[in-house]
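>>> Predicted model, plus sequence, below.
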Amino acid sequence: MVIILDNKATEEQVENVVKHLEGYGFQVHKSAGVQRTVLGAIGVKPDFDIRKIKILEGVADVYRVTAPFKLASRSFKEDNTVINIKGYEIGNNHITMMVGPCSVENEEQIFKLAKVVAESGAKILRGGAFKPRSSPYSFQGLGEEGLKLLRAAADEYGLLVITEVMQIKQIDLIYKYTDIFQVGARNMQNFPLLKELGKTDKPVMLKRGLSALIEEWLMSAEYILSEGNKDVILCERGIRTFEKYTRNTFDLSAIPVVHKKSHLPVIADPSHATGLRDQVAPMARAAVAAGADGLMIEIHHDPENALSDGPQAMLPGEYMKLVDELKVIANAIGRHL
């Protein structure tokens with residue numbers, strides 16, 4: 001249920017509405033927009049008489065939300081969510097670039113690639129310290145040592161850090177080094193992990209599951225939002241279909257669909273979507289044209305010897321060329337890179 005408050009509602013009236021909602025057993029979330037304040041009342045009460053809220057002073061309108069994702073929906077928050085991290089904003093007219101290797105391998109590698117990221121104008125360095133791999137025998141990451149190297153390289157070049165968290169017990173450790181938590185596709189429906197991340201005060205980027213419906217993806221975001229963390233970023237990284245010529249099927253249509261249904265920013269990951277470096281650039285260009293709020297791209301200076309996902313990593317020169325192309329596309333649709 002969504003409660004639209006009158007633009008002249010006093011703070012006392014707002015608190016009175018909240019008190020009544022909580023008294024009826026609802027969990028209440030407040031969203032203060034430019035012109036109006038909106039309350040989201042969470043709770044399955046199909047027979048609740050919304051007139052009980054409509055009559056309260058300061059209430060302009062009340063209506064039920066049919067979508068199961070309440071806090072992630074446009075009904076709850078009409079304006080786009082803009083996430084501010086140390087003065088850098090995600091979700092505005094600027095297209096965010098999250099760039100770096102799949103895994104942190106050693107000091108030389110991550111510092112060399114962080115320099116490329118900074119020179120391209122990107123502000124967020126990506127890299128895995130804990131890697132979920134299909135095979136237990138594959139490289140699993142450097143753990144805390146990888147986090148230290150990632151943070152040191154980012155600080156050296158004035159970058160923010162995004163890295164993946166796989167388990168609840170890793171949250172406190174990763175919190176010390178990262179600016180954004182990343183939840184991988186395999187953990188999109190790890191609800192205990194999502195709930196714990198919802199209690200933190202750092203943004204969470206949630207990747208779409210391997211075969212997840214858009215509604216399931218948004219419901220997973222709801223788990224984070226419902227615990228109080230409003231800084232959620234969605235990431236389309238391709239879904240599993242019957243096609244074998246690409247690693248996954250890159251669902252570009254999900255970008256405008258989610259933008260219509262949700263206020264959350266949407267990042268596209270063409271590297272994981274396609275799995276082959278020659279397909280990354282065209283899909284990155286297409287994602288920007290489709291309205292993505294940012295891109296996550298893997299690069300590596302020696303992909304043939306990369307410890308993970310070398311075939312999909314762009315060479316630094318290829319990546320720099322792509323950045324120039326993306327600037328043209330962004331400008332054409334009234335945005336900037």
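Now that the structure is in, tell me what you want to look at.
>>> Now do the contacts for I90.
By Cβ atoms under 8 Å, 6 or more residues apart in numbering, the residues touching I90 are V82, I83, T96, P203, I233, P265, D293, G294. Backbone N, C-alpha and C define where each C-beta goes, glycine included.
>>> Buried ones among the residues you listed?
I83, T96, P203, I233, P265, D293, G294 (16 or more other Cβ atoms under 10 Å).
>>> What about these, which are in strands?
Under the assignment DSSP state E, the buried ones among the contacts of I90 contribute I83, T96, I233, G294 to strands.
>>> residues contacting F48?
M1, Y24.
>>> Secondary structure element holding it?
Secondary structure assignment for F48, by DSSP states H and E: no helix or strand.
>>> okay, now the domains of this structure?
2-63, 83-332 (automatic domain parsing).
>>> Of those, which is nearest S73?
domain 83-332 (6.2 Å; Cβ to Cβ).
>>> Between the two ends of the closest one, how far is it?
One end of domain 83-332 sits 24 Å from the other (Cα to Cα, to the nearest Å).
>>> what's the answer for stretch 297-311, then?
Stretch 297-311: ends 13 Å apart by Cα to Cα.
>>> who touches that stretch?
By Cβ under 8 Å, 6+ apart, the residues outside stretch 297-311 that reach it are 97-103, 105, 109, 112-113, 116-117, 126, 128, 131, 133, 138-139, 269-272, 275-277, 280, 284, 312-316, 319, 322.
>>> How far away from the center of its chain is that stretch?
Taking the mean of its C-alpha atoms, stretch 297-311 sits 23 Å from the chain's own mean (Cα atoms, centre = their mean, to the nearest Å).
>>> Likewise for stretch 296-313?
Distance of stretch 296-313 from the chain centroid (Cα atoms, centre = their mean) equals 22 Å.
>>> cool, and stretch 147-163?
19 Å.
>>> Break down the protein into its strands, ranges please.
So, for the chain - with DSSP E - the strands run 2-5, 27-32, 37-42, 59-63, 83-85, 88-90, 96-100, 124-126, 160-164, 180-183, 204-207, 232-236, 266-268, 294-298.
>>> With just CA atoms, put stretch 146-159 into PDB.
Taking Å, rounded to 0.1, in the frame of the first residue of the first chain, the C-alpha atoms of stretch 146-159 are listed here in PDB:
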ATOM      1  CA  GLY A 146      43.200  -9.400  -2.800                       C
ATOM      2  CA  LEU A 147      40.900  -6.900  -1.000                       C
ATOM      3  CA  LYS A 148      44.000  -5.100   0.300                       C
ATOM      4  CA  LEU A 149      45.500  -4.900  -3.100                       C
ATOM      5  CA  LEU A 150      42.300  -3.700  -4.700                       C
ATOM      6  CA  ARG A 151      41.800  -1.000  -2.100                       C
ATOM      7  CA  ALA A 152      45.400   0.200  -2.400                       C
ATOM      8  CA  ALA A 153      45.200   0.400  -6.200                       C
ATOM      9  CA  ALA A 154      41.900   2.300  -6.000                       C
ATOM     10  CA  ASP A 155      43.300   4.700  -3.500                       C
ATOM     11  CA  GLU A 156      46.400   5.300  -5.600                       C
ATOM     12  CA  TYR A 157      44.400   6.400  -8.500                       C
ATOM     13  CA  GLY A 158      41.400   8.100  -6.700                       C
ATOM     14  CA  LEU A 159      38.900   5.300  -7.600                       C
END
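>>> Show me what it is in contact with.
Residues outside stretch 146-159 that contact it (Cβ under 8 Å, 6+ apart): 103-104, 106-107, 110-111, 113-115, 117-118, 122-125, 127-130, 142, 160-161, 163, 173-174, 176-178.
>>> center of the protein - which residue?
What sits nearest the mean C-alpha location of the chain, by Cα atoms, centre = their mean, is I233, with 2.1 Å.
>>> Show me what that one is bridged to.
In this entry, I233 is beta-bridged to M205, by DSSP bridges.
>>> got any ranges where this protein has weak pLDDT?
34, 44, 46, 132-139 (pLDDT under 70).
>>> The most far-flung residue of it relative to its centre and K45: what is the separation?
Relative to the centre of the chain, the most outlying C-alpha is that of I55, 37.9 Å out, by Cα atoms, centre = their mean. Distance, I55 to K45, by Cβ to Cβ, to the nearest Å: 17 Å.
>>> and if you look at S75?
Applying Cβ to Cβ, the value for S75 to K45 is 17 Å.
>>> residues touching Y319, list them.
V99, V116, S120, I297, I299.
>>> If I take the lengthiest helix in the chain and strand 96-100, what angle do their directions form?
Criterion DSSP state H: the longest helix present in the chain is helix 316-332. Calculated by axes from the mean of the first three to the mean of the last three Cα atoms, to 10 degrees, helix 316-332 forms an angle of 170 degrees with strand 96-100.
>>> Can you list the buried residues in helix 316-332?
P316, Y319, L322, V323, L326, K327, I329, A330.
>>> and the angle from it to strand 294-298?
Angle of helix 316-332 versus strand 294-298, following the same axes, to 10 degrees, is 170 degrees.
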